[in-house]
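> 3D, please:
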Amino acid sequence: MDTRLIPERFLFRFLLPCRRRRPLWTRQGSQLDESYRIFPLALLEGQRIWADFRMAWDEQGLAFCLLVQGKKQPVWCRAGRPEDSDSLQVWIDTRDVHSVHRAGRFCYRFLFMPAGGGPRLSEPTALWLPIERAREQPRPVASDSLHVLARLKPDGYVLEAFVSAEALSGFDPLEQPRIGFNYAVWDREFGLLTLSPGPPMPYAEDPSLWVSLELMP
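Residues are numbered from 1 along each chain as shown. You can find the predicted model right below:
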């Protein structure tokens with residue numbers, strides 16, 4: 001591998017704070033303000049930050065908010081082609097293990113789209129997806145454990161998502177206040193934006209590359 005292509009984020013181990021919120025999720029979503037923003041580590045490499053990612057936790061689970069703006073093209077989302085669609089993917093390791101390179105049964109991958117579902121492809125969509133090359137997959141996630149809301153705008157969208165604690169084996173913020181975490185925002189117009197080191201590193205399947213989040217009380 002050409003070392004000039006290795007992302008600078010690969011050279012460091014990051015611990016980022018994630019704030020608690022009560023209530024975490026309602027019918028109106030999470031409504032996370034700027035104080036819940038997760039610092040975009042791609043900024044350290046001089047990348048353009050075109051997505052604003054926010055996150056919060058409670059015993060209920062984990063909530064996410066993604067704001068994308070500045071788009072000139074409409075969103076493109078298809079439930080049958082999720083990995084080709086404009087989307088937010090998150091990876092969660094409830095045990096925050098960085099000594100292995102293949103995901104285990106405490107590692108999860110979720111994908112959320114601001115559209116692509118329903119007969120008119122206009123409804124937001126939430127999916128659980130297996131992690132490639134995993135040593136062991138977690139137990140199946142019930143569809144009612146995932147929630148997603150979206151508001152499309154002329155120049156982008158706001159996406160809010162929630163993963164219930166019941167869907168996450170090993171999720172115990174009081175006993176285990178750190179989790180492994182990564183996100184990837186894919187946009188057909190802007191490209192790819194990741195929290196942990198991006199390509200050519202195998203960020204989608206290697207938990208040792210993910211950052212640690214401190215679930216702040």
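> ok, now how distant is the residue most central in space within the chain from residue 72?
The centre of the chain sits closest to residue 90, judged by CA atoms, centre = their mean, with a distance of 2.5 Å. Distance of residue 90 to residue 72, given as CB to CB, to the nearest Å: 26 Å. For glycine as for every other residue, the C-beta is placed from the backbone atoms N, C-alpha and C.
> Over to residue 121?
For residue 121 relative to residue 72 (CB to CB), the value is 20 Å.
> the more surrounded of the two?
residue 121 (16 against 8; other CB atoms under 10 Å).
> returning to what we had before: pLDDT wise, what is the residue nearest to the centre of the chain at?
Reading off the confidence values, residue 90 has pLDDT 98.
> likewise residue 4?
53.
> what are the bridge partners for the residue nearest to the centre of the chain, then?
Taking DSSP bridges as the rule, residue 90 bridges to residue 110, residue 183.
> ok, it touching residue 185?
No - between residue 90 and residue 185 there is no contact under CB atoms under 8 Å: 9.9 Å.
> where exactly do the helices run in this protein?
When assigned using DSSP state H, the chain turns out to have no helices.
> where does this structure have low pLDDT?
Residues of the chain that meet the criterion pLDDT under 70 lie in 1-4.
> repeat that for 90
Along the chain, the parts satisfying pLDDT under 90 run over 1-13, 44, 139-140, 143, 217.
> contacting residues around the closest residue to residue 86 other than its chain neighbours?
Leaving aside its sequence neighbours, residue 86 sits nearest to residue 75 (CB to CB, 6 or more residues apart in numbering; 4.7 Å). Taking CB atoms under 8 Å, 6 or more residues apart in numbering, we find residue 75 in contact with 86, 114, 115, 152, 157.
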